[in-house]
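Undergrad: Return a 3D structure for these sequence lines:
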Amino acid sequence: MRHSSMRDKVVSVLVVGAVVCAAVAGAVVAGVPAAQAAAPGKAGVGADTRLEFQLQRLQLVLQGQGLRLDMSRTIITQTQTWIDALKAEGKDTSALQSALDAFSGQVQAMQAAHDKAKSILDAKAGFDAGGKVVDADQARQTVKDARQAMKDAHGIIKAATDAFRDAVKAFRQANKPQNPPKPGESQS
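TA: Residues are numbered from 1 along each chain as shown. Predicted coordinates:
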């Protein structure tokens with residue numbers, strides 16, 4: 001029964017990961033549209049303030065993506081432990097291992113896109129050290145480039161998470177107990 005507990009933990013982590021992924025996507029998509037961020041005709045204090053808020057929002061979303069990356073690495077470790085336990089029971093885990101390896105590779109690809117966004121936001125071209133706009137055109141480009149890198153990272157992990165979740169679901173479906181006891185029946 002220990003393995004069903006491990007399996008439940010892995011599935012729970014996958015579900016939480018999917019929710020976090022959706023939240024990060026929502027934060028990026030719910031941000032001010034890129035067209036508005038790139039509107040050069042709106043110079044002045046209002047436009048600068050908007051850019052400053054967009055920078056802050058992107059920095060928060062970047063932190064969320066970092067947490068998503070950490071969670072993904074935890075999922076990889078826990079799933080590998082689960083696969084090892086299943087192998088010890090004599091189960092064929094080749095499809096599951098392949099899916100985990102693919103997921104792991106995509107997490108590395110997400111890390112690269114995330115690092116690109118982080119370097120853009122760390123440089124803060126067009127902003128001063130306190131996040132105030134000093135060059136509106138550069139600031140607009142910084143926001144636009146960071147948002148795109150973060151969307152790229154999200155797209156990578158979303159597809160990888162979906163494919164991995166489907167593989168786990170298929171494995172569980174293929175390895176269901178043949179005649180599970182009904183609720184209330186004793187196992188003899």
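
Undergrad: what about the helices in the protein?
TA: For the chain, helices defined by DSSP state H occupy the ranges 2-30, 34-37, 45-88, 94-123, 136-174.

Undergrad: Quick one: closest of those to residue 182.
TA: Minimum separation from residue 182 across the helices of the chain (Cβ to Cβ) falls at helix 2-30, 16.6 Å. C-betas here are computed from N, CA, C, even on glycine.

Undergrad: Would you mind checking the average pLDDT for that closest one?
TA: Mean pLDDT, computed over helix 2-30, is 57.

Undergrad: The helices of the chain: which one's closest to residue 130?
TA: Among the helices of the chain, the nearest to residue 130 by Cβ to Cβ is helix 45-88 (9.2 Å).

Undergrad: what angle separates the closest one from helix 136-174?
TA: For helix 45-88 against helix 136-174, the angle by axes from the mean of the first three to the mean of the last three Cα atoms, to 10 degrees is 20 degrees.

Undergrad: can you state the direction angle for helix 45-88 and helix 94-123?
TA: Helix 45-88 and helix 94-123 meet at an angle of 160 degrees, taking the same axes, to 10 degrees as the criterion.
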